[in-house]
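Engineer: sequence unknown, structure follows:
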């Protein structure tokens, strides 16, 4: 009984050791919201724990994990109600809307006064997507910064090396500047054409042309080449690298000063496919044809964005376009084959056949501060942001494989050491050639999500609706909605 009494007396002391001297803390406490997979959240909990222990500014951070499902809506509601956490994860999709609503604190002055944040050491493609001029609706280098990037997730081709070798493809890794033989100068090269009994070459250092990518995908599709061990040669859910690499885009400002939906633009350019000049429409059609005509890619009822990496891991498809976080996914899956990564494909012009380029998209998450927090808490939140966005806070996150960190030299150093994937340098080699997806272009993505995206990802990619019907159905509706996003010009 006496021992029990002693144990009960010790319980409050034990609680203080576990949770800190909450009642006696006289500094600034800030609330921090974030979401992520279990491994990533564990890293952030450790970052917070270390910061709370080591910071000299009398700041304590309380980290509240939020489920990824519904996070955006929940955060938006708290910002609207002026009871948001002081610092939080915010995606590149939301930043323009939050800035227009005056929900998120401008950071330009904080950064200018900081001795710890050096923007010249960070990726421009990450920083610039968090810049915004509310009046002009621009995201130029001189515009206000509203977030510091937590990470970047460049898109690449994940490929099954064993599947390649089964159909006679020799996988090489030779930089363009070091290439000598003809087969070394291409992303994919078939010296004997479509004779699948003869060898071919795949170079994971060089961006394939769109023609090369299709030829490779055919060779790896079982219905076309019975020797293939994968049902399909390729999978992507994104049209970005096809349209963007030939100079097209999803929206452009027209002569009337309003945005117009331009994926269906049939104006010919000086970019080529099979020797013929192509338009934005042609480039977009090529993406759709991969599943509906060429049949090298599964249709939507066979795969989704949520299970694509799982299906790649069981050899459903030989190539799968994914982003940096999928590295962590694959490391955690029991794959029975060797996998690696390569750059996205691209269109090219006749006068620069040897140019190596790839334009796709990258995802990103940033750190934002609630504009309605008290100034004392905003100052404390920025100090914590300095730690997370600086070299010290970025190291563990980048090494995990979840993302490419925002620090250029640190990111290069980390991927150079990686052995899975071996060609991890591709993530940093192409990071500045990629930009945010179409969801980052305007203050919200209603012009995409509430109109044509569902039909594209369903009926069109399933082959149940033609592109002509698709554009005739949605062109006028999308143009009309785009008028709500402002007028440009005189």
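Structural biologist: In hand now; what should we look at? Keep in mind it's a predicted model, so treat the numbers as computed, not measured. Numbering: from 1, shown residues only.

Engineer: At which residues are the helices of the stretch 101-250 of the chain located?
Structural biologist: Secondary structure of the stretch 101-250 of the chain (DSSP state H, counting those that start in this stretch): helices at 108-113, 124-127, 161-166, 210-219, 240-244.

Engineer: tell me the strands in the stretch 1-150 of the chain, going along the chain?
Structural biologist: Assigned by DSSP state E, counting those that start in this stretch, the strands in the stretch 1-150 of the chain fall at 28-34, 59-65, 87-91, 148-160.

Engineer: And those strands: which comes nearest residue 200?
Structural biologist: Of all the strands of the stretch 1-150 of the chain, it is strand 148-160 that lies closest to residue 200, at 13.6 Å by CB to CB. Where you see a C-beta, it was placed from the backbone N, CA and C, and this is true even at glycine.

Engineer: Hmm, residue 34 and residue 66 touching each other?
Structural biologist: Yes. With contact defined as CB atoms under 8 Å, residue 66 counts as touching residue 34 (6.9 Å).

Engineer: More neighbours: these two, which one.
Structural biologist: residue 34 (23 against 17; other CB atoms under 10 Å).

Engineer: Quick check: bridge partners of that one?
Structural biologist: residue 65 (DSSP bridges).

Engineer: Tell me who's in contact with it.
Structural biologist: By CB atoms under 8 Å, 6 or more residues apart in numbering, residue 34 lies in contact with 41, 44, 63-66, 88-89.

Engineer: Buried members of these into ChimeraX, please.
Structural biologist: Listed next is the ChimeraX selection for buried residues among those, using 16 or more other CB atoms under 10 Å:
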select :44,63,66,88,89
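
Engineer: Tabulate the contacts of residue 34 in a markdown table, adding columns for pLDDT.
Structural biologist: Listed next are the contacts of residue 34 as a markdown table, based on pLDDT from 0 to 100:
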| residue | pLDDT |
| --- | --- |
| 41 | 89 |
| 44 | 91 |
| 63 | 97 |
| 64 | 96 |
| 65 | 94 |
| 66 | 95 |
| 88 | 98 |
| 89 | 97 |
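
Engineer: Taking the contacts of residue 34 together, which two end up most distant?
Structural biologist: 41 and 88 (14.1 Å).

Engineer: okay but residue 422 is in contact with residue 340, surely?
Structural biologist: Yes. Counting by CB under 8 Å, residue 422 touches residue 340, with 5.5 Å between them.

Engineer: neighbour count winner among those two?
Structural biologist: Using other CB under 10 Å, the more surrounded residue of residue 422 and residue 340 is residue 340, with 20 against 14.

Engineer: related to what we said a few turns ago, mind putting the helices of the stretch 101-250 of the chain into CSV with distance to residue 305, mean pLDDT and mean neighbour count?
Structural biologist: CSV is the format used below for the helices of the stretch 101-250 of the chain (distance: least, CB to CB, whole Å; pLDDT from 0 to 100; neighbours: other CB atoms under 10 Å):
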stretch, distance to residue 305, mean pLDDT, mean neighbour count
helix 108-113, 34, 97, 14
helix 124-127, 22, 94, 20
helix 161-166, 21, 98, 19
helix 210-219, 19, 98, 23
helix 240-244, 14, 96, 26
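
Engineer: Please tabulate those helices in CSV and include distance to residue 272 as additional columns.
Structural biologist: As requested, these are exported to CSV (distance: least, CB to CB, whole Å):
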stretch, distance to residue 272
helix 108-113, 43
helix 124-127, 27
helix 161-166, 27
helix 210-219, 9
helix 240-244, 13
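
Engineer: Show residues contacting stretch 483-490.
Structural biologist: Residues beyond stretch 483-490 that count as contacts (CB under 8 Å, 6+ apart) turn out to be 137, 253, 257-259, 442-443, 447.

Engineer: just the buried members of those residues?
Structural biologist: Among those, the ones that count as buried by 16+ other CB under 10 Å are 258-259, 442-443, 447.

Engineer: Filter the residues you listed down to just the ones in helices.
Structural biologist: residue 447 (DSSP state H).

Engineer: Fine by me, thanks again.
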